[in-house]
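Colleague: Structure, please.
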Amino acid sequence: MQMKKIALQGIVLASAVAAQAAYAQSSVTLYGIVDAGFTYSNNQRGNSAWQATQGNVQGSRWGLTGVEDLGGGTKATFRLEDGFSAETGALGQGGRIFGRSAWVALGNAKWGTVTLGRQYNSVQDYLWQEQPNGVGALSQYANAIYDNDDINNTYRTNNAVKYTTPTFSGFTADAMYAFSNTAGAFGSNRAWSVGADYVNGPIRLDAAYSLVDSPAINTAGAAPSDNYYSTSSSIIGNVARNQVWGAGGAYTFGPAIVSLLYTNSTFDIIGGGRLHFANYEANVRYWLTPATQLAAGYIYTNQKANTATAGNAHYNQIAIGGDYFLSKSTDLYLNGIYQRGSGANAWIEGIGAPSSTSSQVAVVTGIRHKF
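Modeller: Have a look, this model is predicted:
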């Protein structure tokens with residue numbers, strides 16, 4: 001009887017240990033960013049403005065990530081990420097609950113990862129590493145005019161299936177296809193992209209391409225109409241076809257990182273004509289101290305257009321900024337941005353309205369907390 005009791009206790013203990021081990025193989029993490037501050041702009045349709053703004057350096061968000069180890073190097077993962085306004089509490093990305101990301105994936109260390117859901121395309125996956133704000137001290141206002149290359153995530157892609165390779169000797173690549181989800185219109189509002197990067201010590205190289213056919217013609221497709229470019233916030237709208245490609249590189253010199261990036265974006269307009277943007281970007285980030293990062297960026301954009309509302313123009317933009325970390329989780333930032341247009345009025349990315357002249361200035365400061 002005593003032996004049976006001991007055996008039963010052993011079984012119970014083993015079951016508890018096995019259950020705990022199984023539980024340890026799965027995890028869910030809550031994370032987020034809250035970014036809020038103030039922005040001054042000298043000219044929005046002829047008027048200066050002092051505004052409470054949010055998401056200046058990074059969009060405010062909260063999210064859940066999860067992973068389950070299935071054994072043999074295979075894992076199931078997911079991400080659900082909600083964007084919101086820290087100033088008003090409103091949902092971002094067209095009012096979606098998980099508008100920034102909503103996907104599930106199955107991955108293997110040897111064979112790569114397949115991801116399904118709302119996610120970033122290959123241009124966004126890789127080229128943000130060299131853009132002026134990226135992981136540095138500059139805000140979204142330092143990016144290319146109208147976010148014409150979508151690296152500042154004007155829209156994300158629905159109905160997407162993506163394959164990402166394992167990393168081989170510093171090389172990683174991915175390919176994505178997003179469905180139109182409309183019967184009888186397989187080729188309308190669909191998207192695909194490819195991209196790759198190479199990292200070796202201080203060197204980083206990235207390249208990517210994306211294409212969307214008939215974006216924003218409905219809310220069911222790859223690029224939904226309630227979360228895409230609009231003529232209310234740019235000169236881009238009524239797009240029949242959108243292509244973006246680019247390449248860039250970065251080199252780390254001790255506490256400094258120097259980056260170069262070229263992007264090329266084309267919008268064929270439904271009513272006729274085309275918008276074309278070529279962006280030449282350079283920036284440097286420097287850690288003055290372990291708690292202080294300084295940055296400067298320059299963008300030259302050449303715009304060629306023959307639409308009813310836009311013509312040829314070019315823009316020069318300079319941004320400078322600093323970031324001071326109060327802790328690993330909390331930092332204070334200050335940025336200044338100047339843009340000058342030729343052939344068109346200036347309009348700094350993220351500012352609510354264009355200048356009434358060829359120049360525009362913005363100064364932004366705020367606090368960012370990560371959890």
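Colleague: Could you pull up the residues touching residue 220?
Modeller: Applying C-beta atoms under 8 Å, 6 or more residues apart in numbering to residue 220 gives the contacts 180, 181, 182, 189. For glycine as for every other residue, the C-beta is placed from the backbone atoms N, C-alpha and C.
Colleague: Next, the third one: phi, psi?
Modeller: Phi and psi for residue 182, reported as degrees, to the nearest 10, are phi -120, psi 120.
Colleague: How many neighbouring residues does it have?
Modeller: 16 (other C-beta atoms under 10 Å).
Colleague: The second one now?
Modeller: When neighbours are counted by other C-beta under 10 Å, residue 181 registers 16.
Colleague: per-residue confidence at it?
Modeller: Reading off the confidence values, residue 181 has pLDDT 95.
Colleague: Surely it and residue 221 touch.
Modeller: Yes. Counting by C-beta atoms under 8 Å, residue 181 does reach residue 221; the two are 6.1 Å apart.
Colleague: Between these two, which contacts overlap?
Modeller: 158, 159.
Colleague: could you point out where this protein is predicted with low confidence?
Modeller: For the chain, the stretches with pLDDT under 70 are 1-24, 134-135.
Colleague: Show me where it has its helices.
Modeller: 2-24, 122-127 (DSSP state H).
Colleague: Now do the contacts for the spatially most central residue of the chain.
Modeller: Residue closest to the mean C-alpha point of the chain, counted by C-alpha atoms, centre = their mean, is residue 153 at 4.6 Å. Applying C-beta under 8 Å, 6+ apart to residue 153 gives the contacts 59, 100, 120, 124, 147.
Colleague: how much space between the first one and residue 35?
Modeller: Meaning residue 59. Residue 59 is 7 Å from residue 35, where distance means C-beta to C-beta, to the nearest Å.
Colleague: do the fourth one as well
Modeller: The span separating residue 124 from residue 35 equals 19 Å under the rule C-beta to C-beta.
Colleague: returning to that earlier point: can you tell me which of the contacts of residue 153 is closest to residue 139?
Modeller: residue 59 (11.1 Å; C-beta to C-beta).
Colleague: I'd say the closest one and residue 36 touch.
Modeller: No. Using C-beta under 8 Å, residue 59 is not in contact with residue 36; the gap is 11.2 Å.
Colleague: what about those two, which has more around it?
Modeller: Between residue 59 and residue 36, counted using other C-beta under 10 Å, the more crowded position is residue 59 (21 against 17).
Colleague: Tell me which residues touch that one, please.
Modeller: 33, 35, 83, 92, 100, 153.
Colleague: how far away is the third one from residue 61?
Modeller: Distance, residue 83 to residue 61, using C-beta to C-beta: 5 Å.
Colleague: Which neighbours do the two have in common?
Modeller: With C-beta under 8 Å, 6+ apart, residue 83 and residue 61 have common neighbours residue 100.
Colleague: what sits against the nearest residue to residue 179 once chain neighbours are set aside?
Modeller: Leaving aside its sequence neighbours, residue 179 sits nearest to residue 159 (C-beta to C-beta, 6 or more residues apart in numbering; 4.3 Å). Counting by C-beta under 8 Å, 6+ apart, residue 159 touches 118, 178, 179, 180, 181, 221, 222.
Colleague: Distance of residue 159 relative to residue 182?
Modeller: Residue 159 is 10 Å from residue 182, by C-beta to C-beta.
Colleague: what residues are shared contacts of those two?
Modeller: residue 221.
Colleague: For the stretch 51-200 of the chain, which segments count as strands?
Modeller: 61-71, 74-83, 101-108, 112-119, 157-164, 171-178, 190-200 (DSSP state E, counting those that start in this stretch).
Colleague: who does the last one pair up with?
Modeller: Same thing as strand 190-200. strand 171-178 (antiparallel), strand 203-213 (antiparallel) (DSSP bridges).
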